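> generate coordinates for the sequence data below:
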Amino acid sequence: MINADRLERGEDVATATFGAGCFWGVEEAFRRVPGVLSTAVGYMGGTLDNPSYRDVCTGRTGHAEVVQLEFDPTEVRYETLLDVFWDLHDPTTLNRQGPDIGTQYRSAIFVHDEAQLAAALASKEGLDASGRLRRPIVTQVVPAATFWRAEEYHQRYIEKNGGGCHI
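You can find the predicted model right below:
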């Protein structure tokens, strides 16, 4: 469960950002991870400032649907968040998750520092080499860019509305 008090005090808080298809289900899954303090859905990696959902859905802005989370690294390791990320979606499908097709649904890890970059690349290489997946991983590992928060009706969508995603 999310501990807003710790986030407000700024204690032991780090940021992680993941794109794994439809952001509704991805957000819900990360909200359940102990040590995750807050989540927000939005857009990252594109060329348009302050994009709307309608803009991103065109597939022409370059943004991915993402979940940005604040977490307590003394309670949950970034590597654990990576494990959750890999288990949430199929990282071997390019620009597609389930019925959702387009670059906005791409698999991506947006890293916030060199330690995240090293952990993400090691995790990706380890999973690729494990033989657990039948095809190579196509997940992008790229530097985090501006996070554009999605419209309020997308935030905690599954909690407010139930269902709604292939995850």
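> secondary structure element for the spatially most central residue of the chain?
With distances taken as Cα atoms, centre = their mean, the chain has Phe18 as the residue nearest its mean C-alpha position (2.0 Å). Assigned by DSSP states H and E, Phe18 belongs to strand 14-20.
> beyond that strand, next helix or strand please.
Per DSSP H and E, the first helix or strand lying C-terminal to strand 14-20 is helix 23-31.
> picking that back up, partners of the strand holding Phe18 in the sheet?
strand 64-71 (antiparallel), strand 107-111 (antiparallel) (DSSP bridges).
> can I get these in a markdown table with mean pLDDT, distance to Asn95 and mean neighbour count?
Placement of C-beta: from N, CA and C, glycine included. A markdown table is the format used below for these (pLDDT from 0 to 100; distance: least, Cβ to Cβ, whole Å; neighbours: other Cβ atoms under 10 Å):
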| stretch | mean pLDDT | distance to Asn95 | mean neighbour count |
| --- | --- | --- | --- |
| strand 64-71 | 98 | 9 | 25 |
| strand 107-111 | 98 | 9 | 24 |
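> ok, back up a step: hmm, who's touching the strand holding Phe18?
Contact with strand 14-20 is made by 26, 30, 44-45, 64-73, 78, 81, 85, 88-89, 91, 97, 105-110, 112, 116, 144, 147, 167, as judged by Cβ atoms under 8 Å, 6 or more residues apart in numbering.
> and it, what's buried?
Neighbour-count burial for strand 14-20, counted by 16 or more other Cβ atoms under 10 Å, picks out 14, 16-20.
> mind putting the strands paired with strand 14-20 in CSV, distance to Val36 included?
Below are these laid out as CSV (distance: least, Cβ to Cβ, whole Å):
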stretch, distance to Val36
strand 64-71, 5
strand 107-111, 16
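> how far off centre is stretch 12-28?
Its chain's average C-alpha position is 3 Å from that of stretch 12-28, according to Cα atoms, centre = their mean, to the nearest Å.
> try stretch 96-113
Relative to its parent chain, stretch 96-113 has a centroid offset of 8 Å by Cα atoms, centre = their mean.
> how about that stretch: buried residues?
Neighbour counts over stretch 96-113 (16+ other Cβ under 10 Å) mark 96-97, 102-111 as buried.
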